[in-house]
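Q: have a look; sequence and predicted model below, questions after that.
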Amino acid sequence: MTTANSIQQALYMPFHRQQWAELRESVPLTLSETELKKLRGINEKVSLTEVTDIYLPLSRLLNLIVGAKQQRGLVLNEFLGQTPAKSPYIISIAGSVAVGKSTTARILQALLSHWPEHPKVDLITTDGFLYPLAELKQKGLLQRKGFPESYDMKLLVEFIAAIKSGAELVEAPLYSHISYDRLPEVQQVRQPDILILEGLNVLQTELDSPVSIKRPFVSDFVDFSIYVDADESLLKHWYIDRFLQFRHTAFANERSYFHHYAKLSDAEAEHIAANIWDTINGPNLNLNIEPTRERAHLILKKGQDHLMDKVLLRK
């Protein structure tokens, strides 16, 4: 038995797919096939069955947890004799490149916003908090993009702290996967009931830093954390497959930073994608992302075809 398995056994209650699906109870399916199609990632095959079996039970669990937190807040405010502050419930979603974090985040946003207790659910990705491309080049971090040091963590922590404090309006930078850079436009966040924060490094703490850092981390402000997991062999395969498909979508755009990849042959594209995985995404996964997995409140374990095999819920 590996150390990782021992830790998971000690910390988590495991549910196989059918066991987890039964916890949906009577939660209705509020997504149509047309709506789901808009939420899918480019190389994913998420079906309505996947939503029913995996995401509806998770939506029910989160609704119960958010409700309990809201009730606790009312009790505390009554005890203190004060007016409650408008503080959103923050859910983080972490995991590797190509694992499908963005699709998970979008589906959860759509499902959670149908609950009457918290109709306003916003989604923020941490991509916008990457340093601008020119600054990454200046710092020599272009080949470390996605590693913790490539993010403006001060800006990200200030953003999440303002959200948690109940600020009426907070702005988040936006990111373009076409220009491979931060955009001048911003996303405005106005006191949501729930904020979903999706990104590679949202589970990190001071324990992950090579030097002592006496400041808060994003994870300090998160109420519930999810890690989307898969074996690295699958992740690499999904990354290469996505890269191949990008030649006909994002890379085909003449304004794309990676437009020079658009006319690669299959063999050339596979070679380049595998090299990017082996030199950047794989090392980042092993050094910075996967070591944070067992901090999550819930782990969604994927198998072939992006289908969830197992759900691990922290005891």
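A: Thanks, I have it.
Q: show me what the strand or helix carrying residue 235 packs onto, helices and strands only.
A: If you go by DSSP states H and E, residue 235 is part of helix 232-246. Contact partners of helix 232-246 among helices and strands, from 3 or more Cβ pairs under 8 Å, 6 or more residues apart in numbering; DSSP states H and E: helix 266-276. Any C-beta I mention is one placed from the backbone N, CA and C, and that applies to glycine too.
Q: give me the contacts around the helix it packs on.
A: Contact partners of helix 266-276, identified using Cβ atoms under 8 Å, 6 or more residues apart in numbering, comprise 236, 239-240, 243-244, 247, 261, 264.
Q: now with 6 Å, please.
A: 240, 243-244 (Cβ atoms under 6 Å, 6 or more residues apart in numbering).
Q: who wins for neighbours among those residues?
A: Most neighbours among the contacts of helix 266-276, by other Cβ atoms under 10 Å: residue 243, with 22 neighbours.
Q: pLDDT of the helix holding residue 235, averaged?
A: Here helix 232-246 scores 97 as its mean pLDDT.
Q: same thing with stretch 104-122?
A: For stretch 104-122, the per-residue pLDDT averages 92.
Q: about what we covered before: and the contacts of helix 266-276, which is closest to residue 192?
A: Within the contacts of helix 266-276, distances to residue 192 taken as Cβ to Cβ reach their minimum at residue 243, with 33.6 Å.
Q: tell me what the longest helix that the chain contains is packed against?
A: Secondary structure of the chain per DSSP state H: the longest helix is helix 56-80. Applying 3 or more Cβ pairs under 6 Å, 6 or more residues apart in numbering; DSSP states H and E, we find helix 56-80 packed against no helix or strand.
Q: counting neighbours, what do you get for residue 312?
A: 23.
Q: residue contacts, it?
A: Neighbours of residue 312 in contact, by Cβ under 6 Å, 6+ apart: 12, 14, 299.
Q: hmm, try it at 8 Å
A: Applying Cβ under 8 Å, 6+ apart, the residues near residue 312 are 8, 12-15, 298-299, 301.
Q: wasn't it part of a helix?
A: No: counting by DSSP: H, G, I helix; E, B strand; the rest coil, residue 312 is not part of a helix but strand.
Q: now do the SS call for residue 26.
A: coil.
Q: that one and residue 60, how far apart?
A: Distance, residue 26 to residue 60, by Cβ to Cβ, to the nearest Å: 9 Å.
Q: residue 10 now?
A: For residue 10, the distance to residue 60 - Cβ to Cβ - is 26 Å.
Q: among these two, which residue is more densely surrounded?
A: Neighbour count, other Cβ under 10 Å: between residue 10 and residue 60, residue 60 has more, with 17 against 9.
Q: quick check: residue 110 touching residue 40?
A: No: with contact defined as Cβ atoms under 8 Å, residue 110 and residue 40 do not form a contacting pair (11.7 Å).
Q: burial of residue 55, as a residue count?
A: So residue 55, with other Cβ under 10 Å, has 24 neighbours.
Q: same check, this time on residue 34
A: 7.
Q: scan the chain for its longest strand.
A: For the chain, the longest strand by residue count, based on DSSP state E, is strand 181-189.
Q: which stretches of the chain have low pLDDT?
A: 1-3, 42-43, 84, 207-214 (pLDDT under 70).
Q: can you give me the strands in it?
A: 12-16, 89-95, 121-125, 170-176, 181-189, 194-198, 224-229, 298-302, 308-314.
Q: among those, which is nearest residue 136?
A: Per Cβ to Cβ, nearest to residue 136 of these: strand 181-189, 8.9 Å.
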